[in-house]
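S.K.: Kindly return the folded structure for what I paste below:
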Amino acid sequence: MNGLVEKTVMQAPTGEPGSTTGSYSHSVLKILRRIWSATHFEDQSVTHYARHLMLAETRKGIILMAVVSLLVQLTAIALYQKLGVNISSLYIYSLLGLLSLHVIISARFVSDLAALNLLGMVLLIFTSVAIMSIAHRTGSMSAGPMASIVLLFMVMPIMPWGLREASIVVGLSYLTITFSFLSVEGRFDQDTLWTAQFLILASATTAVLTMVRNTLLRKDEIRSKFDLEKAHRRLESMSMRDPLTGAWNRRFLEQKFDAYAECSFDAKRQVRLALMDIDGFKRFNDTYGHHHGDLILCQLAKVFNEALPGNSHLIRIGGDEFAVLYATEEDERLIRRCLRHLSTDPILLEKSNGEPVYVSVGYAAGGQDSVADLASLYVQADESLYQSKSERAQATFYDEPTLTSFHVTDSVGAPR
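M.R.: Below is the predicted model:
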């Protein structure tokens, strides 16, 4: 036993360095994963949200970078004309200016993030080639080409790139310029080559570090914005929910109806509204207590929420009055089945000594030639509901909930 304890104590310190190294490696990998892409998050929903945001931001970045490039080319053309530079350099600057103009126009129509990134990379690589072409034609690395190289790397952080894209574009630009220097032996002296290498490496390092920092800040901003919008949607949903039944409330109907009606109109579907009122609800409350009335409301909501499809909505208007917003005749059949199920609900029958719960319903449908109007639709459904309750009051016995009237409204809401 003592030997076992001694062995355990002796082995414990040897694991600490490995544990520290493993923790350090894990931290480094975590940081690299975070800066590798500006749109990748562990949460897929955030990644999808980030891609949507970055599409617009990348487009703006490419257009801004191309505008800067175009202005630089126009300025260089004007300056070189004044200085009397040979025509070949002006020709290269003109082609580069046309490429910048093409990128500005194309970026407005490209809707794929990878394609936009590729478009920005092409502009920068061709700019590198153009700079070195001018240097080879003049046979020297004057202040102009040197400044152009530095400026090339300075504009890269305009793009919202992560380390992946930054490494590709910086690496390709560096290799293009360096191999171009070495392609013709003796074209440039050693001092020029070393000076150019220093400027390239310093500018490239600064560009990469700037893009990495921007990526970290941008991802924190995206995450915060996503969480804020998610919290806002949650609060908005809570404000539109009935706390007792979980159904939507009147605010939901008033605020979401127009969008629902426009969407249905575009899909060539009639917007339909069913108003429901529980028969004898006050008597249930007075006889069995308000807790039984709450149970009826909750069971009604439960039955409908389980049966209705996602594009149909149960709304508690107030008290024992509910509405269903829907757009197909199949949903209307679902409503009747739900009410039939409610009248035979064993839980409610047990709590009320076998007395079933019946619901009167009034239906209304908007016209097909215009976007439905909530006020007109509601009036027609309410009139239909009133007629349904009158029919029930005159009936000699309760039947299943089929004694309902139906109105179809035209564009101004008149029954037809």
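
S.K.: Next, residue 273: secondary structure please.
M.R.: strand (DSSP: H, G, I helix; E, B strand; the rest coil).

S.K.: So, low pLDDT: which residues of the protein?
M.R.: Applying pLDDT under 70 to the chain picks out residues 1-22, 24, 80, 83-88, 139, 186, 393-416.

S.K.: From residue 60, how far off is the residue most central in space within it?
M.R.: The centre of the chain sits closest to residue 49, judged by C-alpha atoms, centre = their mean, with a distance of 3.8 Å. The spacing between residue 49 and residue 60, counted by C-beta to C-beta, to the nearest Å, is 18 Å. No exception for glycine: its C-beta is placed from N, CA and C like everyone else's.

S.K.: Which residues does stretch 318-336 contact?
M.R.: With C-beta atoms under 8 Å, 6 or more residues apart in numbering as the test, stretch 318-336 has contacts from 247, 250, 253, 257, 260, 264, 267, 269-278, 281, 293, 296-297, 300-301, 304, 307-309, 311-317, 361, 363, 381, 401-402.

S.K.: now those residues: which count as buried?
M.R.: Among the contacts of stretch 318-336, the ones that count as buried by 16 or more other C-beta atoms under 10 Å are 247, 253, 257, 260, 264, 269-278, 281, 293, 296-297, 300-301, 304, 308, 312-317, 361, 363, 381, 401.

S.K.: So which of these belong to helices?
M.R.: Of these, the ones assigned to helices by DSSP state H are 253, 257, 260, 264, 281, 293, 296, 297, 300, 301, 304, 381.

S.K.: my read: the first one touches residue 375, true?
M.R.: No. Because the distance of 11.4 Å does not satisfy C-beta atoms under 8 Å, residue 253 is recorded as not touching residue 375.

S.K.: related to what we said a few turns ago, touching, the residue nearest to the centre of the chain and residue 223? I think so.
M.R.: No. Using C-beta under 8 Å, residue 49 makes no contact with residue 223, being 9.3 Å away.

S.K.: Check the burial of residue 71 by counting its neighbours.
M.R.: 12 (other C-beta atoms under 10 Å).

S.K.: in what helix or strand does it lie?
M.R.: helix 44-83 (DSSP states H and E).

S.K.: ditto for residue 106
M.R.: Assessed by DSSP H and E, residue 106 sits inside helix 87-107.

S.K.: Run through who's touching that helix.
M.R.: So helix 87-107 is contacted by 59, 62-63, 66-67, 69-70, 73-74, 76-77, 80-81, 116, 119-120, 122-123, 126-127, 130, 133-134, 137-138 (C-beta under 8 Å, 6+ apart).

S.K.: Buried subset of the residues you listed as a PyMOL selection?
M.R.: Of the contacts of helix 87-107, the buried ones go into a single PyMOL selection, burial set by 16+ other C-beta under 10 Å:
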select buried, resi 59+62+63+66+69+70+73+76+77+80+116+119+120+123+126+127+130+133+134
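
S.K.: Which residue, other than its chain neighbours, is closest to residue 374?
M.R.: Computed as C-beta to C-beta, 6 or more residues apart in numbering, the closest residue to residue 374 that is not its neighbour in sequence is residue 257, at 4.5 Å.

S.K.: again, but for residue 129
M.R.: Closest to residue 129 by C-beta to C-beta, 6+ apart is residue 176, at 6.2 Å.

S.K.: do the same with residue 165
M.R.: Closest to residue 165 by C-beta to C-beta, 6+ apart is residue 117, at 5.6 Å.
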